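Student: take this sequence and fold it.
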Amino acid sequence: MNLKCRLLFTMAIISKTHVLWTFFQQCAIALCAFAVTLLAPAGWILHHMPEYRKKSPPTPD
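Tutor: Numbering: from 1, shown residues only. From the prediction side, this is the model:
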């Protein structure tokens, strides 16, 4: 009986650890996706800033 209780307790801990690990994986993926979504367009604009400055402003007609 004691062995059965220990086995059930161990399985419960492993199950909770798996759920917690899955939560951290999902958070890491979400934070990476959020950072890429925000930083990629900003990086593109900053990378091409010299090209934008070299262009002459449009003349009004």
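
Student: burial count for residue 7?
Tutor: Residue neighbour count, defined by other Cβ atoms under 10 Å, stands at 10 for residue 7. Using the backbone N, CA and C atoms, a C-beta is placed for each residue, glycine as well.

Student: can you start the count at 29 instead of 1 from here on
Tutor: OK, 29 is where the count begins now, so the last one is residue 35.

Student: in the protein, mark out all the helices, start to finish.
Tutor: 30-75, 77-82 (DSSP state H).

Student: buried deepest among the ones you listed, which one?
Tutor: helix 30-75 (a mean of 10; mean count of other Cβ atoms under 10 Å).

Student: and that one, how far from the chain's centre?
Tutor: A distance of 10 Å separates the centroid of the chain from that of helix 30-75, by Cα atoms, centre = their mean, to the nearest Å.

Student: could I get the average pLDDT for it?
Tutor: Averaging pLDDT along helix 30-75 gives 83.

Student: distance to residue 88 added to the helices of the chain, as JSON lines?
Tutor: JSON lines is the format used below for the helices of the chain (distance: least, Cβ to Cβ, whole Å):
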{"stretch": "helix 30-75", "distance to residue 88": "25"}
{"stretch": "helix 77-82", "distance to residue 88": "19"}
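
Student: and residue 76, what are its phi and psi?
Tutor: Dihedral pair for residue 76: phi -100, psi 10, per degrees, to the nearest 10.

Student: that one: neighbour count?
Tutor: 10.

Student: report the contact partners of it.
Tutor: Counting by Cβ atoms under 8 Å, 6 or more residues apart in numbering, residue 76 touches no other residue.

Student: for residue 52, see how far away it is.
Tutor: 36 Å (Cβ to Cβ, to the nearest Å).

Student: for residue 36, same thing?
Tutor: For residue 36 relative to residue 52 (Cβ to Cβ), the value is 25 Å.
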